[in-house]
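Enquirer: Let me see the structure of the following:
(one chain, ligands or ions: 1)
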Amino acid sequence: MSFELEPYPYDRLDGLREMASKHPGGAVDLSIGTPVDPPPQVVLSALSSSGAERSYPPSAGTAAFREACAAWVERRFGTVVEPGWIGACVGTKEYVASLPGFLKLREEDKGTVLFPALSYPTYSMGARLAGLRPVAVPEIPGGGLDLEAISLHDRNDALLLWVNSPSNPTGALTDLARCAEWGREYGVPVASDECYADYTWDALPAHSVLESGTGGVLAVHSLSKRSNLAGLRAGFYAGDPNLVSFLVEVRKHAGLMVPGPVQAAASAALGDEGHVRRQRAIYHSRLVRLANILTAVGVEAGLPLGGFYLWVPVPPPMGDCWDLAGWLASRLGVVVSPGIFYGEGGKYHVRVAAVVPEDRLDLLASRV
Ligand SMILES: Cc1ncc(COP(=O)(O)O)c(C=O)c1O
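Expert: The predicted structure follows:
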């Protein structure tokens, strides 16, 4: 067999979990960005009363779901997208992992997938799962992609460029309009993963690649982070009508369907902004508390521009991300993600997710 997978990143944290769990009260796990707060009641009611259990759900998404997505995009970003230019996905991880393979069916002579050098590992994995070539694009200090650094060969061979703003793991923001313009100029589809769009700080506005028009772009949105629905698996993609109609067709053949009751629940979630406002305040307060806790033990952590992660440099004279992650597990009983999970450039950082309830943060503070 020529295809070998390395261990799943978060499975490599078992040693840290064991060390952290020795603290009275157990480990405080801030490694995976999994939401823990309850979703709004209106969503749970829609989930249990849709009557959509019996029949197969439309793979593209129900008319009601696609209309709810279009209405949300217009409200959130002030841009109009036809419901027909939107498709449902079973959470966005499967979409990120499968998109390169599907686009390859459309453009057989190309084989490169471009993605930010420091990023969610599934961009690269999606390329590898399809037997394609993942190529990391360097980032500009402070945020954004150094598009000039992409070689002529990689540009000509690119099936797709991934962008992610706010970024997981760094929280940096990217000029999405600039990326879209680059993609249109060179005929490279730009897929913009916007699953943290609702979480920007310092009064910075959220942006979508769709604001620059739909030509040549796909915006990818998830209900997981916005509405604490990671367990339901719902998301959508919207953009270029040609790309969307191709993907809707191919995904239908592949049997990718968001369950009907989940589509009803996701539609209700998209129609409600109150719970998102409350969630934003919760994440911000957790980020500030976590930064203070880390500073109190001598690890300086700045706040991100967006997202709900702290991206924390390893303080000298400590070695690399594994050293800091090990030290935090033993000193505070906390499990964080070594930055190397997100690319070589992350070797001297750790990522801390603000995803535990307040009583766990009280426990952490008491260990300082
Ligand atoms: C950048 C990014 N994209 C996509 C996802 C996948 O989210 P989901 O599959 O829950 O929609 C995540 C999850 O952590 C993420 O951080």
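
Enquirer: Give me every residue in the stretch 1-150 of the chain lying close to the ligand.
Expert: Contact residues of the stretch 1-150 of the chain with respect to the ligand, defined by C-beta under 6 Å from any ligand atom, are listed as 33, 91-93, 96, 120. Placement of C-beta: from N, CA and C, glycine included.

Enquirer: can you tell me which two in those residues are farthest apart?
Expert: Between any two of those, the greatest separation by C-beta to C-beta is 14.1 Å, found for 33 and 96.

Enquirer: rewinding a little: quick one: which of the residues of the stretch 1-150 of the chain next to the ligand sit in helices?
Expert: Using DSSP state H, the members of these that fall within helices are 92-93, 96.

Enquirer: between these, which is closest to residue 282?
Expert: The shortest approach to residue 282 among those belongs to residue 92, at 21.7 Å (C-beta to C-beta).

Enquirer: now that closest one: how far from residue 164?
Expert: Residue 92 is 11 Å from residue 164, where distance means C-beta to C-beta, to the nearest Å.

Enquirer: Please enumerate the shared neighbours of those two.
Expert: In the contact map built from C-beta atoms under 8 Å, 6 or more residues apart in numbering, the residues linked to both residue 92 and residue 164 are residue 193.

Enquirer: could you redo the ones in helices among the residues of the stretch 1-150 of the chain next to the ligand as a markdown table and give each row pLDDT and neighbour count?
Expert: Shown next, in a markdown table, are those (pLDDT from 0 to 100; neighbours: other C-beta atoms under 10 Å):
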| residue | pLDDT | neighbour count |
| --- | --- | --- |
| 92 | 98 | 25 |
| 93 | 98 | 19 |
| 96 | 98 | 25 |
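
Enquirer: of the residues you listed, closest to residue 337?
Expert: residue 93 (16.0 Å).

Enquirer: I'd assumed residue 122 was in contact with the closest one.
Expert: Yes: Residue 93 is within contact range of residue 122, at 5.8 Å (criterion: C-beta atoms under 8 Å).

Enquirer: mind checking pLDDT for residue 1?
Expert: On pLDDT, residue 1 comes in at 58.

Enquirer: and if you look at residue 123?
Expert: At residue 123 the predicted local distance difference test score is 98.

Enquirer: mind listing what residue 150 touches?
Expert: Residue 150 makes contact with 114, 135, 137, 158 under the criterion C-beta under 8 Å, 6+ apart.

Enquirer: ok now stretch 212-231, how far from the chain's centre?
Expert: A distance of 9 Å separates the C-alpha centroid of stretch 212-231 from that of its chain, computed with C-alpha atoms, centre = their mean, to the nearest Å.

Enquirer: Run through the stretch 51-200 of the chain and note the low-pLDDT ranges.
Expert: Under the criterion of pLDDT under 70, none of the stretch 51-200 of the chain is flagged as low confidence.
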